[in-house]
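S.K.: need a 3D model of the sequence below.
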Amino acid sequence: MQARLNGGRPGSLSVSSVKMLEAYALILEKVDRSLPLSDAQRQLVRARTLDVKARCLVEQGKSQLLEGRFAQARELFAEANRSLHKWKIAWPSSA
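M.R.: Sure, this is the predicted structure:
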């Protein structure tokens, strides 16, 4: 699921990719908690949640770079990199 939003009010989700990604992660977490998913579906939702959170960290890092906060940007990029390499999707067996 991907959305492209143009324009919007200052501070709205469409203006900030970080806010959009944070909202997306919250939705995925709610789906994980509240819907009756199979193990395979739950694993996919959790993997996608980790991916979205890592992308959020990357966007935060970009903002830090633009503001000249290089040490903070490096920390955010390193954390995103660790998150992206942490999870694996294991395909369920067909047994």
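S.K.: phi, psi for Ser38 please.
M.R.: With angles defined as degrees, to the nearest 10, Ser38 sits at phi -70, psi 170.
S.K.: stretch 62-76: end-to-end distance?
M.R.: By Cα to Cα, to the nearest Å, the extent of stretch 62-76 from end to end equals 9 Å.
S.K.: average pLDDT for stretch 72-89?
M.R.: Mean pLDDT, stretch 72-89: 81.
S.K.: so where is the chain shaky, pLDDT-wise?
M.R.: Across the chain, the ranges flagged by pLDDT under 70 are 1-15, 86-95.
S.K.: nearest the geometric middle of it, what residue?
M.R.: Val52 (1.4 Å; Cα atoms, centre = their mean).
S.K.: what about the nearest residue to it once chain neighbours are set aside, neighbour count?
M.R.: Nearest residue to Val52 in three dimensions, chain neighbours excluded: Ala25, at 4.7 Å (Cβ to Cβ, 6 or more residues apart in numbering). Every C-beta, even on glycine, is put in place using the N, C-alpha and C of the backbone. Number of residues near Ala25 (other Cβ atoms under 10 Å) recorded here: 19.
S.K.: which strands or helices does the helix or strand containing Ala25 pack on?
M.R.: Following DSSP states H and E, one finds Ala25 within helix 17-34. With contacts taken as 3 or more Cβ pairs under 8 Å, 6 or more residues apart in numbering; DSSP states H and E, helix 17-34 sits against helix 39-66.
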